[in-house]
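1. have a look at this prediction, sequence included:
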Amino acid sequence: MIQTTKMASGQQWVLVEMVQAFYEAPAYHLILEGILILWIIRLLFSKTYKLQERSDLTEKEKEELIEEWQPEPLVPAVSNDHPSLNYDVVTGPPSHKITVNGKECINFASFNFLGLLDNERVKQKALASLKKYGVGTCGPRGFYGTFDVHLELEERLAKFMKTEEAIIYSYGFATIASAIPAYSKRGDIVFVDEAACFSIQKGLQASRSFIKYFKHNDMEDLERLLKEQELEDQKNPRKARVTRRFIVVEGLYMNTSDICPLPELVKLKYKYKVRIFLEESMSFGVLGEHGRGVTEHFGVSIDDIDLISANMENAVASIGGFCCGRSFVIDHQRLSGQGYCFSASLPPMLASAAIEALNIMEEDPEIFTILREKCKHAHKALQDIPGLKVVGEAFAPALHLQLEHSTGSRESDVRTLRSIIDYCLDRQIALTQARYLDKEERFLPPPSIRVVVTVEQTEEEIEKATSCIREAALARLE
Amino acid sequence: MYHVSVMNGCFGLDKQPKTLYLSDLQVHHGSCNGGLYSRPFIESFEETPMLVAVLTYMGYGILTIFGYLRDFLRARKIEKCHIAREREEQKDFVPLYQDFENFYTRNLYMRIRDNWNRPICSVPADKVDLVERVSYDYNWTFSHTGRVVKDVINMGSYNYLGFSENKGSCADAVAEVTLKYGAGVGSTRQEMGNLDGHEELEKLVARFLGVESAMAFGMGFATNSMNIPALAGKGCLILSDELNHASLVLGARLSGSTIRVFKHNNMQSLEKLLRDAIVHGQPRTHRPWKKILILVEGIYSMEGSIIRLPEVIALKKKYKAYLYLDEAHSIGALGGRGRGVVDYFGLDPTDVDIMMGTFTKSFGAAGGYIGGKKELIDYLRSHSHSAVYATSMSPPVVEQIITSMKCIMGEDGTTIGTERIQQLAENTVYFRRRLREMGFIIYGNNDSPVVPLMVYMPAKIGAFGREMLKRNIGVVVVGFPATPIIESRARFCVSAAHTKEMLDQALSAISEVGDLLQLKYSRHRILPTLDRPFDETTYEECED
């Protein structure tokens, strides 16, 4: 009894306090609280609405819609004589002498610039690696897929290119396509040459950044774009401080076989504070006194280029690709390069083959000069072919032969070029057309024949090839 | 609570013993789903114990506070900074990385970095030799001591059927091809890189899978990221599982289609998405979708779960969608004949429109393939990005796949293939049973050779990896961002090459470490429900 009375008085006491506080509170405070309470009551009783529109269809109508809907066929039909459907079949090794569709020819089509596809030393090293490691790596680099061979190859590449670090990918296409999205994200700006190859385009698409194309090798156009961007930055300096900018160019362009003007690019880099990513698949092992690529060719310091990416499937005659540069830049890809983290690593025998190829490149820097001489010779010999023009630098090993006068339709151009190639195949010269995905390329290059000069071809063979192409052009182009 | 899904066939329970091997598991027969399943489908994902979740969050919180402290000390130069720095000449460029992007890497990942990227110097078979490395500056740099840790039991490599070997008939055939063909190819499939070996391989793969035609590519990741854009485009809808691999997500994004995500392995979620998509059409314009593509995997490697393929195929047929099945982990590892998840469920391979898989895991090689109808493969031959722009597969790798596939099919005249498939199935069942009996929380399906063991707390991730290495067992531990932040785990890959003794050795070491680190969280309280409960939250639509 006493307790309850004590409690009751306690409650009363609290009530008195409350009423007093109520009287003492300032007016605006009470009004604000009153409005808030009314608002809460209103929200409690108002109808809720869903962001998703509620359909007013009945179940029966829904069933009918589901019944009626017909999807397109999974893939459109491809006619049997589609030019890309029937591949040329190579029996035997794709080296200097190659057997295409049953005919033995001299190989002017594979990117075997230094002739290392058939090299005995490389094969023996690959064999030794097979006997030690087997074929596959059974895991990505993070999960017991890192072999000592990979680490050795990365060290050797970094030493060869005189950079701090290198990182290897197991697929050439995936190299630049994983490197670009690792650095350039949504909101960043990338200035890229129009003639960039397809893997760069896929990397740019995956990065979701703003892409600005400048005309091929046109530094004035690039400067114009950079100036426009500068004006934009001045309007919004806060945003400009966090927007990264990149220029992506190739050393030797695969689609046009010409060289990028690297010294001007480096000047633009420091003037407008843009980073340079250089794709050197066609120039690694080709240009430069020691084969280090376009930076050595121009005498540009390698530290001026933020990232150099190349694939090991051309001059190095193996499989895969690598990126090299300063550790500050390259190390980031070990955790954010998609093709590196989420994919199995390069089979160790292919890595050993690449190491041996690097050994050969280091021992004998003469081959690069010899290769360039042969390229110049071939370039000269291919001039003056009626109906075909040579596209590319004199020292580029992979040249394009385009039709001087197009018929107007790409299909018939492709057919004409194919007939020239067939003519040459019959006379034991293996050539191929440069292949593109017509609908996917941003700036589709005109159809062309790819002529690849390698260090193994003799002068006579180059002469034979060029005279064969001349005959074919005369025969098939009216 | 323990969510267990058990499906039993309506007509004729299969020949396996009816009682499941967990004595304290009460089996309630779920509804039969029309008899779609011909064998019990037992999958479990025990819920995180509340105390463990709280402690895990606390652990991350403490690490974050210390991370900020260390960043502050590094900025004030009180602590030595090992992080690579920008060039002096480029200091006024826009910074290449934002500080907060790498916060996790600098402060959490660096502490336990020695559990990953462990270099090996032998065949990644049942036992492997690791290169010993030490760090004198808390994992910022590593140096090799020159010694080799020999014969570490390899529970981390994807070597399901044990074809990762450097001796034997496969290796001999590959050696021959290496000497004849060399290592590289130097051209793309459409240009001069189509070797006779490639054509032989593709015919063999088509026969192995039971489809009309197949095409092989040089990299498994690239198979997805280059071919999905060729199959789907603008105006198409892609329905992708929540936990799909990065390559599938990248391929879906690059295709430009609308992507919608359904809850992991949840058929009600998928059906709801399908119905809504067909009924309402494209967003805003309500035009009908051009096609609907469902992306699923055979075995999900982080969860150890197997896709509910019979139900997915039933849904696909009902709603006229197309099914893309990524069998990266399940080809060779599941099924009585090693033909993957389709064989496991006893279904018809022609029901799956696009069967994709990789050669890295069960065949000991590298690369990927896509199998399906002839029209599909013809289209891919002419329109796939890989056929036009990427170098074709290396000849020795092709030979390894051909010999190992023939071995699995029994065409080389031996029974090694069938023995290994049998051995893998036995090892899987044994390993999972023993781990569950010990009291660990194991995720996934009872038949999946990928066994995730829950660790949860960040410190235990590092401790587990290191303690197991001390006992000469190599394991893989995974944390954020590959898994949700509190669900870190250790993942074991059972192999047919493991003998029972090796598994026993591994199991006793795991039990020891589990006691040491108090990892035996399972409370064995079972309340069987049909599926993981599906809540009525609407699906998330991804913007790309």
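-> That came through, no problem. Keep in mind that this is a model prediction, so the values were computed, not measured.
2. what is the burial count for residue B:327?
-> 29 (other C-beta atoms under 10 Å in any protein chain shown). In short, each C-beta sits where N, CA and C put it, glycine included.
3. do a quick rundown of the strands in the stretch 151-300 of chain B.
-> Assigned by DSSP state E, counting those that start in this stretch, the stretch 151-300 of chain B shows strands spanning B:213-217, B:237-241, B:258-262, B:292-297, B:299-300.
4. distance to residue A:436 and mean neighbour count for those strands - can I get that in JSON lines?
-> Shown next, in JSON lines, are these (distance: least, C-beta to C-beta, whole Å; neighbours: other C-beta atoms under 10 Å in any protein chain shown):
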{"stretch": "strand B:213-217", "distance to residue A:436": "18", "mean neighbour count": "24"}
{"stretch": "strand B:237-241", "distance to residue A:436": "26", "mean neighbour count": "24"}
{"stretch": "strand B:258-262", "distance to residue A:436": "27", "mean neighbour count": "22"}
{"stretch": "strand B:292-297", "distance to residue A:436": "25", "mean neighbour count": "25"}
{"stretch": "strand B:299-300", "distance to residue A:436": "37", "mean neighbour count": "28"}
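5. any chance of these in TSV with distance to residue B:464 and mean pLDDT as columns?
-> Converted to TSV, the strands of the stretch 151-300 of chain B look like this (distance: least, C-beta to C-beta, whole Å; pLDDT from 0 to 100):
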stretch	distance to residue B:464	mean pLDDT
strand B:213-217	36	94
strand B:237-241	28	95
strand B:258-262	31	95
strand B:292-297	26	95
strand B:299-300	21	93
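6. I'd like those strands as TSV, with distance to residue A:175 appended.
-> Below are these laid out as TSV (distance: least, C-beta to C-beta, whole Å):
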stretch	distance to residue A:175
strand B:213-217	16
strand B:237-241	26
strand B:258-262	26
strand B:292-297	25
strand B:299-300	28
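7. among those strands, which is nearest chain A?
-> strand B:292-297 (6.5 Å; C-beta to the nearest C-beta).
8. please save the CA atoms from that closest one in PDB.
-> Taking Å, rounded to 0.1, in the frame of the first residue of the first chain, the C-alpha atoms of strand B:292-297 are listed here in PDB:
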ATOM      1  CA  ILE B 292      15.500 -13.300 -73.200                       C
ATOM      2  CA  LEU B 293      18.700 -15.000 -72.200                       C
ATOM      3  CA  ILE B 294      19.100 -16.700 -68.800                       C
ATOM      4  CA  LEU B 295      22.700 -16.800 -67.600                       C
ATOM      5  CA  VAL B 296      23.500 -19.500 -65.000                       C
ATOM      6  CA  GLU B 297      26.500 -21.500 -63.900                       C
END
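9. how far off centre is it?
-> Remark: strand B:292-297 is offset 16 Å from the chain centroid, using C-alpha atoms, centre = their mean, to the nearest Å.
10. got the angle between it and strand B:258-262?
-> 50 degrees (axes from the mean of the first three to the mean of the last three C-alpha atoms, to 10 degrees).
11. parallel or antiparallel, list what pairs with strand B:292-297.
-> Note on strand B:292-297: by DSSP bridges, its sheet partners are strand B:237-241 (parallel), strand B:322-326 (parallel).
12. ok, back up a step: any idea which of the strands of the stretch 151-300 of chain B gets closest to residue B:381?
-> strand B:213-217 (6.3 Å; C-beta to C-beta).
13. figure out how far that closest one is from the centre of its chain.
-> The mean C-alpha position of strand B:213-217 is separated from the chain mean by 21 Å, C-alpha atoms, centre = their mean.
14. hmm, that strand touching chain A?
-> No. Strand B:213-217 does not reach chain A (C-beta under 8 Å from any C-beta of the partner chain); its nearest approach is 9.0 Å.
15. SS state for residue 47?
-> With no chain named, the answer covers chain A. Three-state assignment for residue A:47 (DSSP: H, G, I helix; E, B strand; the rest coil): coil.
16. hm, I was asking about chain B
-> coil.
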